[in-house]
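Engineer: my questions concern the predicted model and sequence given below.
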Amino acid sequence: MERPSQNIICISTIDWDFIWQGHQEIMSTLARQGHRVLFIENTGVRAATLLDLPRLKSRLRNWRKGVNGIRKVMDNLYVYSPVVLPFPHSRIARYINKAIMTLTLNRWIKTVRFVSPIVWTWLPTALALELIGALDAQLVVYYCVDNFEASTAGGKQIRKTEEILIRRADLVFAHSKGLFDRCSRLASEVHIFQYGFNRDIFAQAGDRLPDDLEGITHPVLGYVGGVHKVVDFDLVKVVALAHPDKSLVFVGPLQTDVHGLASLPNVHFLGRKQYYELPTYIRHFDLCLIPYVLNDYTRYVYPNKLNEYLIMGKPVVSTRIPEVEHFNQCHQHIVSVAYDHEAFVRLIQENLDQDCEALRAKRIALVENNAWDRKIEAMQGLIRAKLEEKDKIREQTWQQTLVQFYRSTRRKAAAVVAVCALGYFLIFHTPLVWWLAKPLLIVEEPVPADAIAVLAGGIGESGEPSEFYQEKVKGAVALYNRGCAPNLIFSSGVSRAFNEARVMRALAVSLGVPEHAIVLDELGGGNYQSLMTLKSTMTEHGWTRVLLVTSLYNGMRSRLVAEKNMHGAVVRIVPSKDGNFFGDQSRVARKHVRAIAHEYLAILYYWWKGYI
């Protein structure tokens, strides 16, 4: 039975508009087949430099084209151009990038109902791993196409994350025999899929001579692809000088300095072309070149151009990179491999002399099955088989999975109950709460002062509106009657039907304090605001010493506020010790826990606000 269309997320090592490669070929093919694809452009394998500024500007332009960076480029295919911090090996940058990308991805996935995707990743970085973990992927495919350890800075970090990815992936596709061998040491589900060619595009190659090939002398020795560090420029110079009657033509973007070669009269750099234009250029080559250097990077490189050259029937001369030698073993040694510069020069002439219709037909026949449509069909077959295997496993193990889930849930619930029971015991049946409350308690002996200030506190010790101001007024009047100070200051708390400061004054007057000895702060507003008003009142009257009557466990907060904000004033904390609220400390009630927790939270809040 045919499976329904798939939701596919591609985590790419290149941008969508970069040179057309396997990333775009596979994903566009899958989209044309009816699968929905989200193509995530490269998030980087190394830190950005000044040379990357054009690429970063291009990313910003692409981001603006879409909605939060996501745009539709063809039916069923969307491209996400994330704007991320260009530091792939920084943990902080990775955390920020993941947060930004997952927020965008989750919103988009929810909007278009892009559920349970299959993830194809070409990128083995730590950020890619975290994105995969954040996605509800039903299958993970890693397409290993590069020896990142040799090709990028920070290769050791990438090697570690790549090994993790290879072990976690459901399927691993390797771009070359060398990469297959590396991946096979870590995983069993590894399959070789070298890049292929687009059958339709190469079948429609035109005969018309491109304008920039006009006037170039034949025979033409051609090369297609990026002109960068893999090209042996010393070898190219040797060939150009040894074959002055032949033209060396390079079709592809210049990614390094070629000034030394461009000055040679028979070397031509034609620049980047669209993928669909390449067959026409290759058709007008007389012989094709793969002049790669041999190093740790190219030991794992499979030249994509190899199939493209041969499907056009062209003779190929290559340096002895391992993947070409392996290709030769599988394809009747159809490629001429040179072991040194002298042999490379010689093989060019030999191949030109020997070329014929029979050889051209043989080359085409040997690579006919290397077209992308065959490869993608084979890949999809492996993916379907793996999905079916997973479905069968889920069907066979659903009972065991549910049992494990419920057992785990019961264990967690039991652990929560045990922790709660232990917490309840420690809080309500041990002195823990009073031990925690001890640092909050400040009780100083009263000394002669200018005034006695009472902080009603509004919500008091309990953290709720209360009548505890009565105990504080009694304590303040007792200090007044002892002659500790000639004045009383009452500070209000929360607003009620009756202002708290006025009620406290009436109570003090009823206890024998003359009204002229009482100053009111009717604004109140909490501990900090009351102390700021107290500071203003003391300055206004020229007072410098005050006895502060507050809740029993409010002393530390009041002390910290006074030390930071009441410079020049002597403040002594004399709380009311005869209150009913904390009167019996042989037991702990919920109101005690709430009051002490409230006080610690208030101190933390004051610190955050800069009050203390």
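Structural biologist: The structure has been received and is ready for your questions.
Engineer: so what touches stretch 362-369?
Structural biologist: For stretch 362-369, the external contacting residues (CB atoms under 8 Å, 6 or more residues apart in numbering) are Phe197, Asn307, Leu310, Ile311, Met312, Gly313, Lys314, Pro315, His331, Gln332, Ile334. C-beta: built from backbone N, CA, C; applies to glycine.
Engineer: now with 10 Å?
Structural biologist: 196-197, 199, 202, 306-316, 327, 330-332, 334-335, 355-356, 374-375 (CB atoms under 10 Å, 6 or more residues apart in numbering).
Engineer: among those residues, name the ones in helices.
Structural biologist: Among the contacts of stretch 362-369, DSSP state H puts Arg199, Phe202, Leu306, Asn307, Glu308, Tyr309, Leu310, Ile311, Phe327, Cys330, Arg374, Lys375 in helices.
Engineer: tell me who's in contact with the first one.
Structural biologist: With CB under 10 Å, 6+ apart as the criterion, the residues that contact Arg199 are Ile311, Glu368, Asn370, Ala371, Trp372, Asp373, Arg374.
Engineer: make CSV from these and add pLDDT and distance to Val220 to it.
Structural biologist: Output for the contacts of Arg199, formatted as CSV (pLDDT from 0 to 100; distance: CB to CB, whole Å):
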residue, pLDDT, distance to Val220
Ile311, 96, 18
Glu368, 92, 25
Asn370, 92, 24
Ala371, 93, 25
Trp372, 94, 26
Asp373, 93, 29
Arg374, 94, 30
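Engineer: wait, Tyr300 touches Tyr292, no?
Structural biologist: No: using CB atoms under 10 Å, Tyr300 makes no contact with Tyr292, being 11.7 Å away.
Engineer: let's see the pLDDT reported for Ala137.
Structural biologist: As predicted, Ala137 sits at a pLDDT of 91.
Engineer: for it, give me phi and psi.
Structural biologist: Note on Ala137: backbone dihedrals following degrees, to the nearest 10 are phi -80, psi 130.
Engineer: ok now whichever strand or helix holds Thr409, how far from the chain's centre?
Structural biologist: Taking DSSP states H and E as the criterion, the element that holds Thr409 is helix 372-428. Going by CA atoms, centre = their mean, to the nearest Å, the spacing between the C-alpha centre of helix 372-428 and its chain's C-alpha centre is 24 Å.
Engineer: average pLDDT for the next helix or strand after it?
Structural biologist: Using DSSP H and E, the next helix or strand after helix 372-428 towards the C-terminus is helix 432-437. In this model, helix 432-437 has an average pLDDT of 89.
Engineer: any idea how far Pro253 lies from Phe18?
Structural biologist: 9 Å (CB to CB, to the nearest Å).
Engineer: shared neighbours of the two, which are they?
Structural biologist: Listed as contacting both Pro253 and Phe18 by CB under 10 Å, 6+ apart are Gly226.
Engineer: now the residue nearest to Gln349 when sequence neighbours are not counted: how far from Phe285?
Structural biologist: Closest residue to Gln349 apart from its sequence neighbours, by CB to CB, 6 or more residues apart in numbering: His243 at 7.5 Å. In this structure, His243 and Phe285 are 14 Å apart, going by CB to CB.
Engineer: and the two? Which one has more around it.
Structural biologist: Using other CB atoms under 10 Å as the criterion, His243 and Phe285 rank with Phe285 on top: 23 against 17.
Engineer: enumerate every residue touching that one.
Structural biologist: Residues in contact with Phe285 (CB under 10 Å, 6+ apart) are 213, 218-224, 247, 249, 251, 309, 312, 314-315.
Engineer: of those, which belong to strands?
Structural biologist: Using DSSP state E, the subset of the contacts of Phe285 located in strands is Val220, Leu221, Gly222, Tyr223, Val224, Ser247, Val249, Val251.
Engineer: which pair in those residues spans the largest distance?
Structural biologist: Using CB to CB, the ones in strands among the contacts of Phe285 span at most 14.7 Å, a distance reached by Val224 and Ser247.
Engineer: pick out the residue closest to the middle of the protein.
Structural biologist: Lys98 (1.9 Å; CA atoms, centre = their mean).
Engineer: what pLDDT does that one get?
Structural biologist: 93.
Engineer: tally of neighbours for the closest residue in space to it that isn't next to it in sequence?
Structural biologist: The shortest distance from Lys98 to any non-neighbouring residue, by CB to CB, 6+ apart, is to Glu130 (4.9 Å). For Glu130, the count of nearby residues is 17 (other CB under 10 Å).
Engineer: name the helices or strands packed onto the helix or strand in which Glu130 is found?
Structural biologist: Using DSSP H and E, Glu130 maps to helix 126-134. Under the contact criterion of 3 or more CB pairs under 10 Å, 6 or more residues apart in numbering; DSSP states H and E, helix 126-134 touches strand 7-11, helix 91-112, strand 118-121, strand 139-144, helix 155-168.
Engineer: hmm, 7 Å instead?
Structural biologist: When contacts are defined as 3 or more CB pairs under 7 Å, 6 or more residues apart in numbering; DSSP states H and E, helix 126-134 packs onto helix 91-112, strand 118-121, helix 155-168.
Engineer: what does the second one contact?
Structural biologist: What that stands for is strand 118-121. If you take CB atoms under 7 Å, 6 or more residues apart in numbering as the criterion, strand 118-121 is touched by 6-11, 128, 132, 135, 137-143, 383.
Engineer: do the same with the last one
Structural biologist: Contact partners of helix 155-168, identified using CB under 7 Å, 6+ apart, comprise 45, 89, 124-126, 129, 140, 142, 148-149, 152, 172, 183, 186-187.
Engineer: flag the least confident of those.
Structural biologist: Within the set of the contacts of helix 155-168, pLDDT is lowest for Thr152 (68).
Engineer: re earlier: make a PyMOL selection of the buried ones in the contacts of stretch 362-369.
Structural biologist: Per 16 or more other CB atoms under 10 Å, the buried members of the contacts of stretch 362-369 correspond to this PyMOL selection:
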select buried, resi 196+197+202+306+307+308+309+310+311+312+313+314+315+316+327+331+334+335+355+375
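Engineer: ok, the spatially closest residue to Asn198 that is not a sequence neighbour - how many residues close by?
Structural biologist: Nearest residue to Asn198 in three dimensions, chain neighbours excluded: Trp372, at 5.5 Å (CB to CB, 6+ apart). Residues lying near Trp372 (other CB under 10 Å) number 22.
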